[in-house]
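# sequence-free structure coming up:
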Ligand code: AMP
């Protein structure tokens with residue numbers, strides 16, 4: 001995975017946390033680590049404590065591709081959730097060291113078969129893609145900032161990847177379609193084989209040329225901080241696919257379920273706090289509950 005590694009400041013209607021561990025690649029790595037070893041590519045500044053890196057290493061995340069630039073500051077993001085806890089506003093974003101990052105993949109990463117280009121500048125995502133040798137599956141995420149300000153390189157990227165994961169509102173922004181199915185199909189027309197639309201508390205929609213799969217979110221009342229839901233969803237999904245090394249339609253469906261379940265835990269606390277408490281066996285318990293909740297004849 002390549003993406004942002006961040007200090008986040010997050011405000012919800014009831015609580016606020018400042019400078020907690022965040023970033024798309026951080027959430028993704030932690031979530032994928034329930035299933036597989038992860039090779040992390042990213043950059044941090046001199047203000048990033050080694051203990052944060054250790055936290056990832058303790059989860060079998062390889063940090064050989066994590067660069068620390070002592071003279072600069074880590075990327076930081078400040079966001080505020082609206083009372084519905086689904087919509088949020090970005091109050092402040094400082095790319096800092098992430099803005100000039102020119103990733104160089106360690107030799108040991110180049111044969112990584114499952115590649116996730118987490119939310120970040122499309123040029124950085126593409127630079128990582130240039131360095132991996134014949135990956136089996138490449139999936140990317142993006143967001144409004146890149147859709148609005150780096151659209152050309154994003155469109156170039158889409159022609160080179162297998163799948164795109166994005167929010168419903170981002171899909172509308174990217175394609176101009178209000179209807180989600182039309183938006184998903186329009187994303188396929190941009191060059192990807194499949195698209196996963198994340199709809200927050202309303203679940204996810206998977207669309208490819210010959211398949212469609214809809215999943216509700218795992219029903220939970222305990223939403224404390226939705227930050228990283230999308231990245232932990234992607235981490236669960238890609239981590240599962242890498243662990244079974246299979247991209248058949250049946251595996252992709254199970255992968256989407258695991259993504260949903262990791263995200264359902266992640267939103268129950270700020271930063272990585274909830275994911276730090278759980279184990280793979282907790283995901284398996286929710287898997288069975290979820291299965292009976294969506295089962296019908
Ligand atoms: P999610 O809630 O899954 O969309 O992910 C939230 C994470 O994305 C936060 O931890 C932020 O640090 C990170 N983030 C926010 N804006 C950006 C951006 N423009 N590029 C990369 N990462 C970002």
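Everything's here; your move. From a predicted model like this one, the values you see are computed outputs, not experimental measurements. Numbers count the residues shown, from 1 in each chain.

# show me what from the chain comes close to the ligand.
Near the ligand, the residues belonging to the chain are 4, 6, 8, 22-24, 77, 93, 119-120, 143, 145, 227-231 when assessed by C-beta under 6 Å from any ligand atom. Bear in mind the C-beta positions are built from the backbone N, C-alpha and C, glycine included.

# could you flag which of the residues you listed are buried?
Buried members of the residues of the chain next to the ligand, counted by 16 or more other C-beta atoms under 10 Å: 4, 6, 8, 22-24, 77, 119-120, 143, 227-231.

# from those, which land in strands?
Counting by DSSP state E, those place 6, 8, 22, 77 in strands.

# okay, those residues in a markdown table with pLDDT next?
A markdown table is the format used below for those (pLDDT from 0 to 100):
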| residue | pLDDT |
| --- | --- |
| 6 | 98 |
| 8 | 98 |
| 22 | 98 |
| 77 | 97 |
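
# between the residues you listed, which is nearest residue 129?
Set against residue 129, the nearest of these by C-beta to C-beta is residue 6 (21.7 Å).

# from what I can see that closest one touches residue 19, true?
No: if you go by C-beta atoms under 8 Å, residue 6 and residue 19 don't touch, sitting 9.5 Å apart.

# for the residue of the stretch 1-150 of the chain found nearest the ligand, list each beta-bridge partner.
The ligand sits closest to residue 22 of the stretch 1-150 of the chain, with a gap of 2.9 Å, by C-beta to the nearest ligand atom. Beta-bridge partners for residue 22, by DSSP bridges, are residue 6.

# contacting residues around it?
6, 7, 8, 10, 77, 227, 228, 271 (C-beta atoms under 8 Å, 6 or more residues apart in numbering).

# kindly recompute the last result at 7 Å.
Going by C-beta atoms under 7 Å, 6 or more residues apart in numbering, residue 22 touches 6, 7, 8, 77, 227, 228, 271.

# next: residue 200.
Residue 200 sits in contact with 86, 226, where contact means C-beta under 7 Å, 6+ apart.

# residue 266 now?
Residue 266 neighbours (C-beta under 7 Å, 6+ apart): 27, 31, 228, 229, 232, 274, 275.
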